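1. pasting a predicted model and its sequence here:
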Amino acid sequence: MMRGAYYTATGNTFLVVDSRERKLSDMEKRLLVLKYVDGRDGAIFVERDFMDYYNCDGNRAAFCGNGARTYVYFIHEKEKRNLVEFSSHAGNVLGKVDDLVSVRMPSPRFLGTFEEEDYSGEIVVVGVPHLVIEGDTDKVDWNALLPLRHLYDANINVFTVKKEGSLRIRTFERGVEGETGACGSGATSVVWLYSRRTGCEKVILQANGGDLTVSFRDGSAYLGGGVEKCSEELELQL
Ligand SMILES: N[C@@H](CCC[C@H](N)C(=O)O)C(=O)O
């Protein structure tokens, strides 16, 4: 039996499995995801100093920014630490809890631009791949964008600049196959591109589920926002 609970990180929703004492096989992880994620976006396996992330479809993803923030919050709750360092399939992560829960994100990598019939934009990897499209966030047609999701095997972000340093963002996540409340690596991809253009070093993004901040210091990107536990402790049967 494993223990876990549900959490929300600005509307990105997760099952968190406490795997600090017992490491699970990939098959066991997949089974827990399919049995207990139950409408949330994914699952975070909190291993000792390692985060393993699965999308709700039962497939592993190399990284999740809001998942990393949730890992940090979980360790803070359980072990009363404000600084948390751990590893992931996308490299090392440094996290901090103060008024926000923040993490240093994997370095963004620019893969180029894309141009299809009705849409064009840029491709950025922040642990996982993202398409970034500047457009009207009040009029996003996910059905029309769906072919891009599969063509590039990527998450899709649409953003609008509200005013300098303030953006609205909406994200369609791979592995959820729908729009989520927020996506941390998506937000970081958007802000990295926006900052290259404007020089702005700190940006607030309004996602469906709340505000995220992305800032750049000493060549690194930091993602911050709230995290909340939203269930009692659960007993998870394998
Ligand atoms: N919500 C996450 C990203 C999770 C992984 C993504 N769905 C993928 O498969 O690439 C975030 O906050 O970064």
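-> Right, received. Where do you want to start?
2. how does this protein divide into domains?
-> Structural domains annotated on the chain: 2-104+226-236, 109-223, as defined by automatic domain parsing.
3. let's have those domains in CSV, adding mean pLDDT and mean neighbour count.
-> No exception for glycine: its C-beta is placed from N, CA and C like everyone else's. Below are the domains of the chain laid out as CSV (pLDDT from 0 to 100; neighbours: other C-beta atoms under 10 Å):
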stretch, mean pLDDT, mean neighbour count
domain 2-104+226-236, 98, 19
domain 109-223, 98, 19
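4. now residue 126. Its backbone dihedrals?
-> phi -120, psi 80 (degrees, to the nearest 10).
5. and the closest residue to it other than its chain neighbours, which helix or strand is it part of?
-> Spatial nearest neighbour of residue 126, excluding adjacent residues (C-beta to C-beta, 6 or more residues apart in numbering): residue 185 at 4.1 Å. Assigned by DSSP states H and E, residue 185 falls within helix 184-198.
6. what does this structure put close to the ligand?
-> 12, 55, 61, 64-67, 128, 155, 173-176, 183-185 (C-beta under 6 Å from any ligand atom).
7. filter these down to just the ones in strands.
-> Mapping the residues of the chain next to the ligand onto strands (DSSP state E) picks out 12, 55, 61, 128, 155, 173.
8. follow-up on the earlier one: so what secondary structure elements neighbour the helix holding residue 185?
-> In this structure, helix 184-198 makes packing contacts with helix 65-79, strand 120-126, strand 128-134, strand 155-163, strand 166-173, strand 202-207, strand 210-217, strand 220-225, judged by 3 or more C-beta pairs under 8 Å, 6 or more residues apart in numbering; DSSP states H and E.
9. nearest to residue 86, of the ones you listed?
-> helix 65-79 (6.4 Å; C-beta to C-beta).
10. got the angle for the closest one vs strand 128-134?
-> Counting by axes from the mean of the first three to the mean of the last three C-alpha atoms, to 10 degrees, helix 65-79 lies at 120 degrees to strand 128-134.
11. CA atoms of helix 65-79 as PDB?
-> Taking Å, rounded to 0.1, in the frame of the first residue of the first chain, the C-alpha atoms of helix 65-79 are listed here in PDB:
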ATOM      1  CA  GLY A  65       7.200  22.600 -14.100                       C
ATOM      2  CA  ASN A  66       4.100  22.800 -11.900                       C
ATOM      3  CA  GLY A  67       4.800  19.200 -10.900                       C
ATOM      4  CA  ALA A  68       8.300  20.300  -9.700                       C
ATOM      5  CA  ARG A  69       6.800  23.100  -7.700                       C
ATOM      6  CA  THR A  70       4.400  20.500  -6.100                       C
ATOM      7  CA  TYR A  71       7.300  18.200  -5.300                       C
ATOM      8  CA  VAL A  72       8.900  21.100  -3.500                       C
ATOM      9  CA  TYR A  73       5.700  21.900  -1.500                       C
ATOM     10  CA  PHE A  74       5.200  18.300  -0.600                       C
ATOM     11  CA  ILE A  75       8.800  17.900   0.800                       C
ATOM     12  CA  HIS A  76       8.300  21.300   2.600                       C
ATOM     13  CA  GLU A  77       5.100  19.900   4.200                       C
ATOM     14  CA  LYS A  78       6.600  16.600   5.200                       C
ATOM     15  CA  GLU A  79      10.100  17.500   6.100                       C
END
